[in-house]
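>>> Okay, sequence plus prediction incoming.
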Amino acid sequence: MSTLATLRSQRRWKAAGLLVPGLLLCSAASADRIERHFKVEAHPVVTIHNPNGTVTVRAWTKADVMVVARRATTEVEVDAEQTGNRVDVQTRQVADTASPDDLRTDFEISVPEDAELQIHNDSGGVNVSNVLGDMNVETIAAGVDLEDTAGYLTVKTVGGAFQCLRCAGRLEVTSISGNFKLIDLRSYYVRAQTSEGNILFNGSFLPNATYVLKNYSGAIEVRFSPGDSFDLSATSLKGKVHNEANLTPSSHHHFVPRFGNALFGTFNSGRARVELNSFDGTINILKRD
Amino acid sequence: MSTKDCSEFLGRFDAWMEGERPPEARAHVRQCPSCRCLVEDMDAIRLAAHAWSAEQTDPPARLWVSLRAQLEQEGLIRDGRLRELPVEQTSERERPRGWFAGIFTVVPRPALAGAYLLALFALCVALTGPSAKQLNESRWISGTQDSTGTLSAQLQTAERDSVSAMAGSDPVVTASLHDNLAIVDNYIALCEKSVREDPESEIARDYLYDAYEQKANLLAQMTERGVNGR
């Protein structure tokens, strides 16, 4: 064998030596990827209970629920089972000694667009897009992002932020310190309450819709267009109210408020009802750029 | 009776309820069964509301007792077993600090969320009941202070137990719960100050009620997570 051929042969063995452990590692990693499929009918209910990790749910056109879980370690077990038209997914701690990082599991779940979702996630994050069924999301520190969702949406966080982009239907969201961003909503009922967080509402005011935004401190910012039509009540007990809307006196409020930082009036024909309340935060009613 | 008369009467119904009752309106009420029925209903509601607010100046004690009785009846409290133990037979941890603390040792903890809400109902009654202007302001202030004082003390006890139950939980979650509990406590203090400064402010009372509700919900979440170990 020539010297050149010997060198090539040595390189091949070296490459093989590197490749084999690499494949084993990949194999070990893929062992922690769990994929399950469930055939469902119209309007399935999907519940996800995952204390630590991200939960991403997307709608697709198949009549299937696909659950892909990636767990950090085998200290946590993923249970996914179907009962009728309901799919329950949850993580379960196997060993008592496991640290919180060991229990982290990330989920990517695909559901039919008419699925109803119930999601519990303490820390990590929740992202849902294009799902049109009702939804209940509860978290502690995890943020919640909804995009192009509809139905009756109920979101409750303790410290997690909430963002809703192009959501429709009915929205109720509460938090203690989470900030809210409600962008381009098409909801006919919005009730958002956070204690310390800020609330930004930048979307259309639908006719006959109700928007109630409330906090203790922080800022409430509402953006409006010249074509919007709403009846406004804005009250900050200890804070300030800034307004850029040209309001006419409202026919619904005959009394003069006892506190100074309140504003009542109608913008255009007052077709939507907008209530903004703060304890000592600032309320800004600003023209949309 | 013509519809026109009825619509005229109903158009001035606010004035009627405020005591402005001209002879023609009285005559209409006498002759029109449907408007008479409405007036009678509204009078009954008003009387009931007055009676309710007058009775409820000191509701918490009764409500706490009935809450306890109901919990015992439903088996959520084991008939005060801990309270019957001689003090020397109970460890410091087991020793009840009032019946509310006893609940924490025997009640399935998730069930406490319901108990919190009942407690909040008591507070709500105390906060909203005496809002009628006819009531004596000092009576209202003292009633509010009594009722919130009781609830506040019991929530503090609940808080101690909830915090100890959280030991060993996810530190990120625990930190978030503690931080937010501090935020809520701060708002309770601010709202109480605001209510003291302006006892007739319904808005301040509403915020105070909301803050207590948030605290109760938060403690229930902490307790639940402590028990479930997640």
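Received the coordinates, thanks. Source: prediction; values computed, not measured. Numbering: from 1, shown residues only, chains lettered A, B, ... in the order given.
>>> for chain B, what are the nearby residues on chain A?
Residues of chain A found near chain B (Cβ under 8 Å from any Cβ of the partner chain) are A:51-52, A:93, A:100, A:103, A:122-123, A:140-141, A:158-159, A:176-177, A:193, A:195-196, A:216, A:235, A:237-238, A:258-259, A:277, A:279-280. (Each C-beta comes from the backbone N, C-alpha and C, glycine too.)
>>> Which of these are buried, as a ChimeraX select command?
Buried residues among those (16 or more other Cβ atoms under 10 Å in any protein chain shown), as a ChimeraX selection:
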select /A:51,52,93,100,103,122,123,140,141,158,159,176,177,193,195,196,216,235,237,238,277,279,280
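>>> Next up, identify which helix or strand residue B:178 is on.
helix B:171-197 (DSSP states H and E).
>>> Show me what the helix or strand just after that helix is packed against.
Sequence order places helix B:202-228 as the next helix or strand after helix B:171-197, per DSSP H and E. If you count contacts as 3 or more Cβ pairs under 8 Å, 6 or more residues apart in numbering or on different chains; DSSP states H and E, helix B:202-228 packs onto helix B:112-128, helix B:137-165, helix B:171-197.
>>> which residues of chain B score low on pLDDT?
Scanning chain B for pLDDT under 70 picks out B:1-4, B:50-154, B:160-168, B:226-230.
>>> residue boundaries of the helices in chain A?
For chain A, applying DSSP state H gives helices covering A:3-30.
>>> which stretches of it have low pLDDT?
A:1-31, A:250-260.
>>> per-domain residue ranges of it.
A:1-31, A:32-152 (automatic domain parsing).
>>> now, of those, which is deepest in the fold?
domain A:32-152 (a mean of 19; mean count of other Cβ atoms under 10 Å in any protein chain shown).
>>> Up against chain A, what does chain B have?
Residues of chain B lying near chain A (Cβ under 8 Å from any Cβ): B:170-173, B:175-177, B:179-180, B:183-184, B:187, B:190-191, B:194, B:201, B:203-204, B:207, B:210-211, B:214, B:218, B:221, B:225, B:229-230.
>>> Only the buried subset of the residues you listed, as a ChimeraX command please.
To isolate the buried ones among those in ChimeraX, judged by 16+ other Cβ under 10 Å, type:
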select /B:170,172,173,176,177,180,183,184,187,190,191,194,201,203,204,207,210,211,214,218,221,225,230
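>>> Spatially, what comes nearest to residue B:204 if we skip its sequence neighbours?
Leaving out its chain neighbours, the residue that sits closest to residue B:204 by Cβ to Cβ, 6 or more residues apart in numbering or on different chains is residue B:194, at 4.1 Å.
>>> residues contacting the one you found?
Counting by Cβ atoms under 8 Å, 6 or more residues apart in numbering or on different chains, residue B:194 makes contact with A:237-238, A:279, B:201, B:204, B:207-208.
>>> Quick check: beta-bridge partners of the nearest residue to residue A:289 once chain neighbours are set aside?
Sequence neighbours aside, residue A:223 is the residue nearest to residue A:289 in space, at 7.9 Å (criterion: Cβ to Cβ, 6+ apart). Here residue A:223 sits in beta bridges with residue A:202, residue A:286, going by DSSP bridges.
>>> right, and residue A:223 touches residue A:202 too?
Yes - the criterion here is Cβ atoms under 8 Å, and residue A:223 meets it with residue A:202 at 4.3 Å.
>>> Which neighbours do these two have in common?
In contact with both residue A:223 and residue A:202: residue A:288, using Cβ under 8 Å, 6+ apart.
>>> what's the domain layout of chain B?
According to automatic domain parsing, the ranges for chain B are B:3-50, B:59-228.
>>> Now that residue B:183 has come up, it's in contact with residue A:177, right?
Yes - if you go by Cβ under 8 Å, residue B:183 and residue A:177 touch, sitting 5.7 Å apart.
>>> joint contacts of the two?
With Cβ under 8 Å, 6+ apart as the test, residue B:183 and residue A:177 both reach A:195-196.
>>> For residue A:189, see how far away the residue nearest to residue B:204 is.
29 Å (Cβ to Cβ, to the nearest Å).
>>> repeat for residue B:34
33 Å.
>>> swap in residue A:32?
Taken as Cβ to Cβ, the span from residue A:32 to residue A:189 is 42 Å.
>>> again, but for residue A:127
In terms of Cβ to Cβ, residue A:127 sits 23 Å off from residue A:189.
>>> One more: residue A:164?
13 Å.
>>> Over to residue B:33?
Residue B:33 is 38 Å from residue A:189, by Cβ to Cβ.
>>> higher neighbour count, those two?
residue A:189 (16 against 10; other Cβ atoms under 10 Å in any protein chain shown).
>>> quick one: contacts for the more buried one?
Taking Cβ under 8 Å, 6+ apart, one finds A:170-172, A:209-210 in contact with residue A:189.
>>> hmm, back to that, closest to residue B:156 among the contacts of residue B:194?
Residue B:156 has its nearest neighbour among the contacts of residue B:194 in residue B:208, at 16.1 Å by Cβ to Cβ.
>>> Now the closest one: closest residue in space, sequence neighbours ignored.
residue B:191 (3.7 Å).
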